[in-house]
Structures are given as C-alpha cells and as structure tokens.
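Novice: Quick one, structure for this:
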Amino acid sequence: MPTLFTRPNKTGQHDFLYLFMLTSFFFLLEISFFIQCNRDYLSDFSFVSSQLDIPITILPGIIFFILAQLAIHFIYCVVIWWLAKQLITCFNVSVDRQVYLSMSLWFLGILTVLSANQYYFPNSKFAALSSLFLINSFLNYSSMLLLMTLYGLVIFIALFTWMRHQRKLFLFAGCAVIASIYYFNKPIATSFRHSSQPNVIIVGVDSLRPDFLSFFGRDQATPFFDGFLQQSVVFSEALTPLARTFPSWISILTGKYPKQNGIRYNLASQTQLSLDDSLPAILKRHGYETMYATDETRFSNIDGTLGFDRIIAPPMGLNDFLIGTFNDFPLSNLLINSRLGQWLFPYSYANRAVFFAYEPNSFLQRLSPAISEAGTKPLFLTVHFCLSHYPYLWSSLAANKAPTVLQRYQASIQRVDQQLNDLFVMLKANHLLDHAIVVLLSDHGEALELPGDRITEKELFAPHRAIPQFYPPSLDGETLDESAGHGTDVLGLPQYHSLLAFRLYGMGSSKSGVISGIVTLLAIKPTILDLLGLNNSSDSLTKIINGRQNKTISSQPIFLESDFTPEAIRTVYPEVRKVVLEGVQLFHIDPVSTRLTVKPGMGEMIIRSKQFAVIKGEWMLALYPQNKQSRMPILINLNSGLWTNDLHSSLAKQARAPILLADLTQFYGREIAQ
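Specialist: Prediction:
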C-alpha cells in the first residue's frame with residue numbers, strides 16, 4: 001500500500017497548493033476583518049507616528065510577530081495536508097476526490113478554530129464575528145464539542161495510519177514528544193532558604209478598594225482575603241499619596257511622597273530618582289535576593305534600576321502597546337497561553353493589558369519557576385496583580401456576562417482572590433512562608449461613580465448657597481458625590497483608600513486585629529526595616545504590629561495629589577486609545593529601550609494641572625486649579641461631612657484653615673499658585 005512518502009508527488013503537490021491558497025486567502029480575510037475592526041486605531045497610529053519619533057528598534061519585535069503569524073498559518077496548512085494524505089492512504093480515496101477531502105478537512109479545521117476561539121476568548125473581535133452564527137453559549141459549546149470530536153477522530157485515524165506504515169519514525173516522534181513533555185513539566189527543585197533573616201513578601205492588588213471585600217462587610221465571597229486578613233494586623237484607613245500605580249509603588253518602595261521622590265505621574269522619567277535608598281536596594285545590600293513580578297507594565301515601568309535582581313513581567317516598551325493590543329487572531333489566540341505562545345507572543349503572554357486573551361493562571365505559571373529556583377539567600381519578593389484594574393475582564397469572562405462596570409469589578413476581585421490563594425499555595429510549597437514578613441496591599445482604590453465616591457454631599461455644603469463647579473465634569477455626567485477612576489480627584493477618597501495588612505510567619509506569636517486611624521503606604525518601608533532590625537523610624541508601624549500600641553496617632557499632616565487627568569479618563573469607561581491621543585504630546589520614546597516616558601516640559605504642565613490636598617486630624621483641605629493663577633479651596637470635616645469653599649467661614653475657623661493652607665504651601669511650595 002502506498003504511503004505518504006511513496007505516493008506520487010504531483011497530486012500531493014496540487015493538494016498542498018490548494019490548501020496553501022485557501023490558508024493565504026483566510027489570512028487575508030483575517031487581516032481585512034482586523035483592519036475593519038481597528039480602523040480608528042490604525043488612523044490613530046498614523047497620527048501618533050506623526051507626533052512621536054518612532055525608533056527603528058521596534059522593528060525586530062514587529063517582524064518577529066509577523067513571522068510568527070505566518071508560521072502558524074503555514075503550519076496549519078501543512079498539518080491539514082498531512083492529515084488529508086493519511087486519510088487518502090487509509091481509505092484509498094480516488095484521485096479526483098482527494099482535493100475535496102483536503103478542502104473539507106481545511107474548512108472543518110477553521111470552523112473548529114473559530115468555535116474554540118469564541119468559547120475560550122469571548123471578548124475577541126473574531127468571537128463577535130462567529131457569534132453571528134453561534135448565537136448563544138450553548139450552541140457554541142455544542143458545536144465546538146462536536147467539531148472537536150470529529151477532528152479528534154480524524155487525527156486518531158491519521159496517526160493510526162501513519163503508525164502502521166512508519167513505525168520506526170512513529171517511535172522516534174513518540175519519544176521526542178514524551179521527552180518534551182517531561183522537560184516542560186518536570187518539577188523544579190524547591191528552595192530551602194535557611195537564614196536568620198525572614199523572607200519579605202509584598203503582594204499588591206491593583207485598583208482594589210477595601211470596602212469590596214467581605215472582610216469589610218461586602219456581600220460577596222472573597223475567601224482568601226478574609227482568611228488572610230483575619231490573621232493579620234489590618235490598617236483600615238490606609239491611603240496612597242497618589243492613586244496611580246507607578247507613583248504609588250515608587251512611594252511604597254522609597255518611603256517618600258511623590259513630591260519628594262520625583263515620580264509624580266505614570267511613565268515619569270526615573271533619571272532623578274534616588275535609587276540607593278529604595279527598599280529593594282537596601283535589602284539587596286543586606287544579602288537579600290530581590291525580585292519584582294507583575295502582569296502589566298504599560299504605565300508602570302518598574303525595573304532593576306530600583307534594586308531588583310530579577311523582573312518577571314511582560315516586555316516593556318512601545319511594542320507592548322502595538323503588538324499586545326493588536327494580536328487578536330483565532331489561531332494565535334489558541335496558542336497565546338501555552339509555553340509555545342510564551343515564546344512566540346511575549347507581548348501577549350500573561351499580559352493583563354491584553355485582557356481578551358489574559359488567562360490569570362498564566363501569570364502564576366510565569367512566576368512559578370522564578371520563585372522555585374534553589375537559593376540560600378533570604379528573598380525579597382514583590383508581586384503586583386492587575387486583574388482588578390479596568391476593564392475588569394479576562395479571557396473567560398465575557399463582557400455580556402457582566403454587562404455593568406460594577407458587576408465586572410466585583411467579578412475581577414473574586415478572580416484575583418483565587419489568584420492570591422494559588423500564589424500563597426505556591427509560596428508555602430517552596431517554604432517561603434516558614435519565616436516571613438508578608439504585606440498585603442492595594443496600590444490604590446477605585447471610584448465607580450457610586451454615591452459617596454466623592455465625599456462632597458450636596459446637602460452638607462455650608463453655607464447654603466450656589467455650589468461652585470470646582471472640578472472638571474466627567475463624560476458620564478456624574479453628580480456632586482460621585483467620581484470615576486483613580487488619581488482623578490483628591491476628594492474621591494475611595495480612589496486613595498488602600499488595603500494594608502501585615503502578617504508575620506514564624507516570628508513568634510502572631511498578632512491580628514483591625515487598626516483605625518489614617519496611615520499612608522509610605523509607612524511600609526520603615527516598618528519592614530524596623531521589623532528586620534535595620535532601622536528604627538518614628539514612621540514605623542512596628543509597635544502596633546507587635547501589640548505594644550493599639551491605635552495609630554496621626555499627628556502629622558498627610559498629603560495627597562492627583563495625576564494627569566484628561567477628559568478621556570474621567571469616566572468609568574476609559575478607552576486607552578483616547579487617553580493616549582489626548583496625551584500623545586506628553587511622551588517621547590527612548591530609541592534604545594523603546595519605552596515611553598513623559599517629556600520634562602510636559603511633566604511641568606501636568607504638575608500645574610494637579611489637585612493638592614492635606615489631611616490633618618478630622619479636617620481635609622483640597623486645592624482645585626481653576627486657571628493658571630488660582631486654585632479653589634475646598635475644606636471638609638471628615639467626621640461630619642460639612643464642607644465649604646470659603647476659608648473665612650465659621651467652619652474654616654473651626655478647622656484653623658490657615659494652618660492647613662500653610663502646611664500645603666510649605667510642602668508643595670511654588671507649585672501652589674497664590
């Protein structure tokens with residue numbers, strides 16, 4: 001009986017040519033549909049390109065991406081051709097029907113791919129296309145199951161036929177497959193770090209507001225958060241000084257306000273940042289291995305310059321925006337979250353920014369080998385999860401299953417709760433929790449345009465007169481006591497309210513409890529150094545954590561500031577493309593690293609547009625820019641909620657408003673227009 005390798009070449013060549021033409025046509029259709037769905041983005045890219053100097057160094061990544069897509073489609077064509085040849089051999093198909101068999105297998109394969117793409121990636125643009133035919137999830141699942149069963153049968157017959165005629169080659173291929181499976185799945189030796197110094201582990205969750213956890217009374221299940229917080233010292237009124245990821249994390253790692261460390265906005269240049277005094281740099285000098293891991297880096301480019309030995313994250317730079325966002329093709333989608341996908345599509349694998357393809361477990365799979373490697377040094381590990389950041393979606397959560405922002409936000413918190421549980425299982429298995437200081441935090445909160453998301457209630461304005469328009473309106477027409485996003489409004493305290501909890505493992509009797517009183521995330525660095533015996537600072541929370549003090553004493557003023565807030569971001573439905581378009585003139589691209597950073601001159605413009613605030617005791621004073629020369633003061637009592645814009649009123653006299661204003665002026669200096 002003729003085999004694949006002895007069959008006349010002419011017919012096989014014709015079959016392959018037809019399949020190649022079909023695959024090429026399908027690829028062109030994919031590109032055409034992609035362009036149709038992304039016309040705005042492509043025109044925007046032309047505009048952005050005219051505004052920025054795009055470095056040639058982005059080309060290797062783009063070329064590799066194009067070649068990877070071409071290779072995947074070519075391999076699909078070869079696989080179909082090989083399956084067809086095996087079926088032709090098995091069933092002795094006549095020459096005039098061979099091409100029909102090949103084309104039928106090709107179409108059956110494409111239908112299977114489209115169906116699987118719609119099922120596993122419901123937010124993919126191609127899922128929207130196939131949903132015109134597979135109109136509901138039941139029909140989609142049933143069709144996918146049927147198609148996969150048929151194709152499984154085809155593959156079984158093809159392999160059986162090939163095995164019969166190529167036994168030696170089959171044996172060799174089988175051994176190669178088994179060896180590769182063993183290589184990619186072999187257990188990594190766990191590390192046993194025997195050290196007198198405890199491991200230090202900081203786990204951050206992006207955009208998490210504490211009042212959405214059941215520990216604080218929310219009616220939704222967050223079992224990991226609840227269990228961890230019940231055994232921790234929890235600071236229930238923790239604030240971040242600037243509610244954006246990059247400035248907040250730099251403040252955490254340096255123990256300094258954004259005004260002091262120089263990182264005042266996302267993608268700020270780090271050239272002026274003092275790196276020797278950062279927490280990872282200090283711990284590195286004291287013998288720690290330092291590691292930072294995150295599943296998104298677009299607007300927060302934390303790297304090894306801060307003192308980290310290792311960064312586990314998607315690649316940083318312009319190609320993250322370009323390739324990561326545009327990589328939405330059915331064949332590549334099915335590979336993105338695999339080991340092969342990690343190599344072929346580094347800008348998409350385990351990248352939360354590519355939300356339609358993001359599989360939460362992929363981030364832990366990327367992190368697992370790094371924390372499992374053997375070592376003798378104590379470990380400083382910082383992990384930042386971004387799933388609970390807008391748009392609060394991932395590969396398996398279809399937008400139509402959670403149609404409102406509130407539903408998506410709640411679902412994302414529940415899914416990140418599971419991520420954290422899996423992380424701590426991994427940490428425990430690697431004995432990293434035998435002797436450790438663990439900090440669980442959120443870098444900032446989130447405002448969802450709920451009542452109370454801005455602390456200015458209309459009925460509590462004093463004196464009773466026309467309420468001033470002291471803040472720019474949102475796109476959603478929010479009311480006076482609502483705000484949206486994070487870092488957009490200093491009186492939107494849910495944006496700044498952060499989770500903060502300390503738990504000590506293997507360090508004597510573990511204390512737990514909820515501590516009231518306002519603290520900031522700046523206290524994390526001095527507290528860790530104090531717990532390690534490396535520094536003794538008045539800003540440390542160690543006495544509270546050790547039970548020697550049962551409350552915080554907030555005698556020092558606490559300062560807050562907003563970030564760059566273009567119109568496109570003052571909404572609960574922000575679009576990255578609109579935000580980038582509004583701020584395109586702010587950035588320049590480093591020709592070597594291809595990273596985006598804010599131009600120095602534009603940074604000064606951002607600072608002039610900032611809102612500033614100070615909290616001292618029960619009083620808060622905020623300054624809102626009205627024009628280049630003036631800012632409107634808003635004074636509020638945090639206990640009663642009474643507020644005013646008149647610093648000569650009786651309420652202002654109670655607050656000693658001139659002292660609050662002097663605190664702001666002394667801290668921010670000439671940045672506050674007189």
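Novice: Could you measure from the spatially most central residue of the chain over to H444?
Specialist: Centroid-nearest residue in the chain, with Cα atoms, centre = their mean: C386, separated by 3.0 Å. According to Cβ to Cβ, to the nearest Å, C386 stands 12 Å off from H444. Using the backbone N, CA and C atoms, a C-beta is placed for each residue, glycine as well.
Novice: Give the residues shared as contacts by the two.
Specialist: Residues touching both C386 and H444 by Cβ atoms under 8 Å, 6 or more residues apart in numbering: 206, 245.
Novice: about what we covered before: the residue nearest to the centre of the chain: what's it in contact with?
Specialist: 206, 245, 294-296, 352-353.
Novice: Restricted to strands, list those.
Specialist: T294 (DSSP state E).
Novice: can you redo the contacts of C386 as a markdown table with neighbour count?
Specialist: Output for the contacts of C386, formatted as a markdown table (neighbours: other Cβ atoms under 10 Å):
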| residue | neighbour count |
| --- | --- |
| D206 | 26 |
| T245 | 27 |
| T294 | 25 |
| D295 | 27 |
| E296 | 25 |
| R352 | 23 |
| A353 | 20 |
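Novice: What is the nearest of the contacts of C386 to S332?
Specialist: The closest of the contacts of C386 to S332 turns out to be A353 (Cβ to Cβ; 16.4 Å).
Novice: Tell me the spacing between Q626 and L642.
Specialist: From Q626 across to L642, the span is 22 Å (Cβ to Cβ).
Novice: Among the two, which residue is more densely surrounded?
Specialist: Remark: of Q626 and L642, L642 carries more neighbours, 17 against 13, as counted by other Cβ atoms under 10 Å.
Novice: so the more buried one touches A652, yeah?
Specialist: No - look at L642 against A652 with Cβ atoms under 8 Å: they stay out of range, at 10.8 Å.
Novice: give the contact list for the closest residue to V439 other than its chain neighbours.
Specialist: Setting aside the residues directly before and after it, V439 is nearest to I202 in space (Cβ to Cβ, 6 or more residues apart in numbering), at 4.6 Å. Contacts for I202 were tallied using Cβ under 8 Å, 6+ apart; they are 252, 381-383, 438-439, 441, 524.
Novice: between these, which is nearest R339?
Specialist: Of all the contacts of I202, R339 sits closest to V383, with 21.1 Å by Cβ to Cβ.
Novice: Secondary structure element for T325, which one?
Specialist: For T325, the host element (DSSP states H and E) is helix 318-326.
Novice: Only the buried residues of that helix, if you could.
Specialist: Neighbour counts over helix 318-326 (16 or more other Cβ atoms under 10 Å) mark 318-326 as buried.
Novice: got those as a markdown table, with pLDDT columns?
Specialist: Below are the buried residues of helix 318-326 laid out as a markdown table (pLDDT from 0 to 100):
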| residue | pLDDT |
| --- | --- |
| L318 | 87 |
| N319 | 90 |
| D320 | 91 |
| F321 | 85 |
| L322 | 84 |
| I323 | 88 |
| G324 | 84 |
| T325 | 78 |
| F326 | 82 |
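Novice: Now tabulate those in JSON lines and tack on distance to P557.
Specialist: Converted to JSON lines, the buried residues of helix 318-326 look like this (distance: Cβ to Cβ, whole Å):
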{"residue": "L318", "distance to P557": "40"}
{"residue": "N319", "distance to P557": "43"}
{"residue": "D320", "distance to P557": "38"}
{"residue": "F321", "distance to P557": "38"}
{"residue": "L322", "distance to P557": "44"}
{"residue": "I323", "distance to P557": "45"}
{"residue": "G324", "distance to P557": "41"}
{"residue": "T325", "distance to P557": "42"}
{"residue": "F326", "distance to P557": "47"}
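Novice: Among those residues, which one sits closest to E604?
Specialist: Nearest to E604 among these is L318, at 23.8 Å by Cβ to Cβ.
Novice: show me what contacts the closest one?
Specialist: 54-55, 58, 589, 594-596.
Novice: Make a PyMOL selection of the buried ones in those residues.
Specialist: Listed next is the PyMOL selection for buried residues among these, using 16+ other Cβ under 10 Å:
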select buried, resi 54+58+589+594+595+596
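Novice: Among the contacts of L318, which are located in strands?
Specialist: 589, 596.
Novice: between the contacts of L318, which is closest to L28?
Specialist: The nearest member of these to L28, counting by Cβ to Cβ, is I58 at 24.4 Å.
Novice: Hmm, that closest one is touching T594, no?
Specialist: Yes - here I58 reaches T594: they are 5.3 Å apart, a contact under Cβ under 8 Å.
Novice: so what's in contact with the two at the same time?
Specialist: Common neighbours of I58 and T594 (Cβ under 8 Å, 6+ apart) are 317-319.
Novice: now, which of these sits nearest L239?
Specialist: G317 (31.9 Å).
Novice: Could you report the distance from the closest residue in space to the closest one that isn't next to it in sequence to R366?
Specialist: Closest residue to G317 apart from its sequence neighbours, by Cβ to Cβ, 6+ apart: T594 at 3.7 Å. From T594 across to R366, the span is 21 Å (Cβ to Cβ).
Novice: any idea of the pLDDT on the closest residue to Y390 other than its chain neighbours?
Specialist: Ranked by Cβ to Cβ, 6+ apart and with sequence neighbours excluded, the top spatial neighbour of Y390 is P574, at 6.2 Å. At P574, the pLDDT value in this model is 70.
Novice: Got the phi and psi for the residue nearest to F345 when sequence neighbours are not counted?
Specialist: Closest residue in space to F345, ignoring its immediate chain neighbours: I336 at 5.4 Å, by Cβ to Cβ, 6+ apart. Per-residue torsions, I336: phi -50, psi -40 (degrees, to the nearest 10).
Novice: What is the least confident helix or strand in the protein?
Specialist: helix 167-185 (a mean of 57; mean pLDDT, DSSP states H and E).
Novice: Would you state the strands of the stretch 101-250 of the chain in chain order?
Specialist: Assigned by DSSP state E, counting those that start in this stretch, the strands in the stretch 101-250 of the chain fall at 199-205, 233-239.
Novice: Next, format those as JSON lines and append distance to F16.
Specialist: Converted to JSON lines, the strands of the stretch 101-250 of the chain look like this (distance: least, Cβ to Cβ, whole Å):
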{"stretch": "strand 199-205", "distance to F16": "51"}
{"stretch": "strand 233-239", "distance to F16": "63"}
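Novice: Select, out of the ones you listed, the one closest to A429.
Specialist: Comparing those by Cβ to Cβ, strand 199-205 comes nearest, at 13.9 Å.
Novice: among the contacts of C386, which are in helices?
Specialist: Among the contacts of C386, the members falling in helices (DSSP state H) are T245.
Novice: Find the residue ranges of the stretch 251-400 of the chain scoring beneath the pLDDT cut-off.
Specialist: 374 (pLDDT under 70).
Novice: State the number of residues packed around L393.
Specialist: A count of nearby residues for L393, using other Cβ under 10 Å, gives 21.
Novice: can I assume it is in contact with A353?
Specialist: No - counting by Cβ under 8 Å, L393 does not reach A353; the two are 11.4 Å apart.
Novice: What ranges does the stretch 351-500 of the chain have for its helices?
Specialist: Taking DSSP state H, counting those that start in this stretch to define them, one finds helices in the stretch 351-500 of the chain at 360-372, 405-429, 493-496.
Novice: what do you get for the stretch 101-250 of the chain?
Specialist: Listed in chain order, the helices of the stretch 101-250 of the chain (DSSP H, counting those that start in this stretch) span 125-130, 137-165, 167-185, 223-230, 245-254.
Novice: Now find how far off-centre the following helix or strand past the last one is within its chain.
Specialist: Pointing back at helix 245-254 there. For helix 245-254, the following helix or strand on the C-terminal side (DSSP H and E) is helix 258-261. How far helix 258-261 lies from its chain's middle: 24 Å, per Cα atoms, centre = their mean, to the nearest Å.
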